[in-house]
Structure formats: C-alpha cells, structure tokens
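Colleague: based on what follows, work out the 3D shape:
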Amino acid sequence: MPQLFNGALSGERRCLGKLLSIVEKGGERADMVAGLAHQKSGNTHVIGITGAPGSGKSTLTGRLLELFSSAGKNIAVLAVDPSSPLTGGAILGDRIRMDDLAGENSFIRSMATRGHSGGLALAVPAAIQLFDAAGYKPVIIETVGVGQVEVDVAGAADTTVVVVTPGMGDAVQANKAGLLEVADIFVVNKADRPGANDARRDLELMLDLGHVSGLEERKGHRPPIIMANSLEGSGAEEILEAIRAHTEYLETTGSIKIRQEQRTMMEVQNRIELLIGHKASEVLKSDFGKENIEAAQQRKTSPAEAAKAIVNSLLTD
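Modeller: Residues are numbered from 1 along each chain as shown. Now for the predicted structure:
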C-alpha cells in the first residue's frame, strides 16, 4: 500500500487509479488509504457542482476543466453517479465526453453512490484527499440529481455551485432539497431558453426572503447568480471568476479553516455512525438480538426498550 501511495504522490496516474478503486470498495484497506491521504491533504480547493438531471452540469464541468487546464492548473474531477441496483456500476453518461477533454494535468474519475449515502460519505472525502495529496488543485465534485446525496456531497466542498435551468422549477426543487442553503454560486444554465429571467428572479426572491440561511460563517457573502449557456461556453469565465472571488472571501475571512474543520468533524461522525450500524447489524443477528426482537413482536416489551437494550449491549461490549 505505501508503494502505491508513494507512486500516486510522484504523479503515477495508474497508482492513483488503483487507490481510488480501493477507496470506492470500502473496508479496512480503504481506511488505510484514507489515513495515508489525510496526513498529506489540506492544500486543495474543492468545488461542488450540483443540480437537477439535465441541467448541463457535465458540460459546465467540462468548460471549467478546460479553463483551469489552460491556466496550467492540475485539476481533478470526481463525477458522483447513481449506481445500477442490478450491477452496482456507475452510469458514466457525460463523463465519456468529458474524458475527451482530459489532458496531462487533469484526472477524471466516476464514483457510484451504490444506492445509499453511507458508503459515499466515506468514499468521497477519501477520494478528495487522495487527489489533494497527489497535487491536484482544484478538485471538482459533480453530482447527479437533487437529493440528500447531493446535499451531503455539497457539504464536502469549499465552494458549491448550484445549477438550475429555465422552465423546470429547478429553483423551487433545489430549495426543497436544501441545496439553496449550501449554495455559494447559482448558475442559470441554458439561459437562451424562455423563462431564464424568471428563474433568475425566483432565485433573487428566495435570497431576499431569507430562504437561504446558510451557515454562520457565510454572513457577508451573497451568492451571485450567473446566466450561462455551457454548450456555447458563455458564462464559463464569469463562473470561474465567481469561484475565485469566493475562494478569496473564504481565505480572507478565515471561513476556509472553519469549513475544513466542519468536514473533518462530519467525517468522524459518519464513520462512527457506520461502525455502530455495522455492529448493530451483527447484534441483531445474535441470540441476544433475536430475543429482544421477539419480545417486542410478542408485545412483552416495546420496540423502544428492545432498541435500548441492544444499544446498551453495544456500549458495554
């Protein structure tokens, strides 16, 4: 493992790819990789790009990849895709087209959600830290859909870009999903379509009404709303400039350190929850667990009391 890790640090893409595969599978080897990467991380800037399916996120990500690459940046893209319930494989979608843009100084990787956010909560931070340790700055995370997974992934970013499109009610959907609360930049994509100005107005109204409360350290930063057409490339430069401005804001206010500390705390919490969850599953299959479940089923005790007994056994084990 150290040999693979040292290879990734020295720029060997094959080694980095193998480590990312280990991280995605999870388990003790993944924990070992995450531990090595964590010690060498803390230098990159993480950009999250999220929004409803069909909003043009992948095309926009490709535009940003081109701009960062042309500026001489080593950039990594982590495309978090939904996974097939049958095969467990990631739906690559626009990533294939994005791969055409990949050059010597860029690395593109897809990661499946595997139908739940639990494993993702560990795999994404570990992948980011691997890219960070390998010298990629920035790292872009692109997600598919508007839901809890997207909100979780947005929490792993320093700068979160929420993409909406005209005439689809995306702004309202994003608000319901909680994405507006984590947004640092809004992009109204496909702005040549009818209803683009209405979408912008909806976002402005939500901001004005205080629907976007944000985190305590975001006070003083009002998310800009950028009109774009990623197919034509219009708006990409403005988005890049907004990302730079937000990065500067985070650094000058010290908010970047707060976000990094919050991410570490969340990763520890996620790991605790998963460890306890796995242990609880084992106890439920044991004689002790079965006895408590049967007692609840026979109404000799309540489900709450059965759960407390099982949890107490975990804490005293």
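Colleague: show me the shaky parts of this protein.
Modeller: Along the chain, the parts satisfying pLDDT under 70 run over 82-103, 113-121, 144-154, 168-179, 210-220, 317.
Colleague: where do the helices sit along the stretch 201-317 of the chain?
Modeller: Assigned by DSSP state H, counting those that start in this stretch, the stretch 201-317 of the chain shows helices spanning 236-253, 255-285, 287-297, 303-316.
Colleague: please enumerate the helices of the stretch 1-150 of the chain.
Modeller: For the stretch 1-150 of the chain, the helices defined by DSSP H, counting those that start in this stretch cover 2-9, 13-25, 28-39, 57-70, 95-99, 118-133, 148-154.
Colleague: switch those helices over to JSON lines; also include distance to Ala296.
Modeller: Just so you know, the C-beta spots here come from the backbone N, C-alpha and C atoms, and that holds for glycine as well. Putting the helices of the stretch 1-150 of the chain into JSON lines (distance: least, C-beta to C-beta, whole Å) gives the following:
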{"stretch": "helix 2-9", "distance to Ala296": "47"}
{"stretch": "helix 13-25", "distance to Ala296": "35"}
{"stretch": "helix 28-39", "distance to Ala296": "34"}
{"stretch": "helix 57-70", "distance to Ala296": "45"}
{"stretch": "helix 95-99", "distance to Ala296": "47"}
{"stretch": "helix 118-133", "distance to Ala296": "25"}
{"stretch": "helix 148-154", "distance to Ala296": "29"}
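Colleague: re earlier: deepest of the helices of the stretch 201-317 of the chain, which one?
Modeller: helix 236-253 (a mean of 16; mean count of other C-beta atoms under 10 Å).
Colleague: now do the closest residue to Ala134 other than its chain neighbours against Asn74, distance only.
Modeller: Once flanking residues are discounted, Ala134 sits nearest to Ala8: 5.0 Å by C-beta to C-beta, 6 or more residues apart in numbering. Separation of Ala8 from Asn74 (C-beta to C-beta, to the nearest Å): 13 Å.
Colleague: what about those two, which has more around it?
Modeller: Set Ala8 next to Asn74 and count neighbours by other C-beta atoms under 10 Å: Ala8 wins out with 26 against 19.
Colleague: partners of the helix or strand containing Val187 in the sheet?
Modeller: If you go by DSSP states H and E, Val187 is part of strand 185-188. Note on strand 185-188: by DSSP bridges, its sheet partners are strand 159-164 (parallel), strand 225-227 (parallel).
Colleague: got these as a markdown table, with mean neighbour count and distance to Leu274 columns?
Modeller: Shown next, in a markdown table, are these (neighbours: other C-beta atoms under 10 Å; distance: least, C-beta to C-beta, whole Å):
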| stretch | mean neighbour count | distance to Leu274 |
| --- | --- | --- |
| strand 159-164 | 28 | 24 |
| strand 225-227 | 20 | 37 |
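Colleague: what's near enough to touch the nearest residue to Ile225 once chain neighbours are set aside?
Modeller: Nearest non-adjacent residue to Ile225, counting by C-beta to C-beta, 6+ apart: Phe186, 4.5 Å away. Shown in contact with Phe186 (C-beta atoms under 8 Å, 6 or more residues apart in numbering): 161-162, 164, 203, 223-226.
Colleague: could those be laid out in CSV, adding distance to Arg14?
Modeller: Converted to CSV, the contacts of Phe186 look like this (distance: C-beta to C-beta, whole Å):
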residue, distance to Arg14
Val161, 31
Val162, 35
Val164, 38
Leu203, 43
Pro223, 39
Pro224, 40
Ile225, 42
Ile226, 37
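Colleague: which residues does Gln297 contact?
Modeller: Per C-beta under 8 Å, 6+ apart, neighbours of Gln297: none.
Colleague: pull up the gap between it and Ser313, please.
Modeller: 18 Å.
Colleague: ok, Pro166 next?
Modeller: 55 Å.
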